[in-house]
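Chemist: can you look at this prediction? I've put the sequence above it.
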Amino acid sequence: MASILSFIRKAGTVFDDRITKVMGEAFDSACKELHDTEQPAIVYEVIAKRIIDCAKNGERDPVRIRNAALAARETNVASILPFIRKVGTVFNDRTTKIMGEAFDSACNELHDTGQPAIVYEVIAKRIIDCAKNGERDPVRLRNAALAALGFGSDDKQAG
């Protein structure tokens with residue numbers, strides 16, 4: 001399992017020892033909550049980013065920080081729009097529709113077996129990153145999202 005310290009260093013943010021310890025407790029607790037020590041690295045990265053953001057905003061309670069890191073987003077699994085709004089990137093209607101198809105397809109591949117909200121955020125983040133880099137094929141977007149979770153890709157039609 002990853003340590004919060006590497007993510008804090010990567011973010012270039014400095015916290016005192018007390019808050020770093022609180023953040024470490026929140027991170028360890030959030031990771032244990034996933035019931036899996038074999039999560040893809042991007043899942044830990046998203047959790048760490050949320051924890052760092054909470055600490056930057058003055059939160060000091062490890063339970064509230066952990067809960068914020070794992071908080072379910074108000075999202076419909078069939079919609080990537082809340083994730084696009086969150087990052088503040090603007091895509092045209094055609095691209096947004098393609099990204100939505102890729103997101104829905106990737107989520108369907110997981111057979112929606114009670115995945116933690118963070119899994120959907122990871123899927124959306126990978127699709128958004130690929131779309132920012134110019135990818136517009138829904139199958140390739142879906143495959144990139146699933147690859148971030150450690151799933152092999154296939155060339156099935158998205159949608």
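Modeler: Everything's here; your move. Numbering: from 1, shown residues only.

Chemist: use CA for all of it now, contacts and neighbours both
Modeler: Noted.

Chemist: and the gap between the most centrally placed residue in the chain and Gly134?
Modeler: Among the residues of the chain, the smallest C-alpha distance to the mean C-alpha position (C-alpha atoms, centre = their mean) belongs to Val122, namely 3.1 Å. Plainly put, Val122 is 19 Å away from Gly134 if you go by C-alpha to C-alpha, to the nearest Å.

Chemist: just Arg66 next, same as before
Modeler: 34 Å.

Chemist: what does stretch 17-35 contact?
Modeler: Taking contacts as C-alpha atoms under 8 Å, 6 or more residues apart in numbering, the residues outside stretch 17-35 that touch it are 1, 3-5, 37, 44, 47-48, 51-52, 55, 60-63, 65-67, 69-70, 116.

Chemist: in helices only, show me those residues.
Modeler: Judged by DSSP state H, the contacts of stretch 17-35 include 4-5, 44, 47-48, 51-52, 55, 62-63, 65-67, 69-70 as members of helices.

Chemist: give the contact list for the nearest residue to Cys130 once chain neighbours are set aside.
Modeler: When the adjacent residues along the chain are set aside, Cys130 lies closest to Leu141, with 6.6 Å between them (C-alpha to C-alpha, 6 or more residues apart in numbering). By C-alpha under 8 Å, 6+ apart, the residues touching Leu141 are Met99, Ala102, Arg126, Ile127, Cys130, Ala131, Glu135.

Chemist: where does this structure have low pLDDT?
Modeler: Across the chain, the ranges flagged by pLDDT under 70 are 1-2, 35-40, 72-78, 111-114, 152-159.
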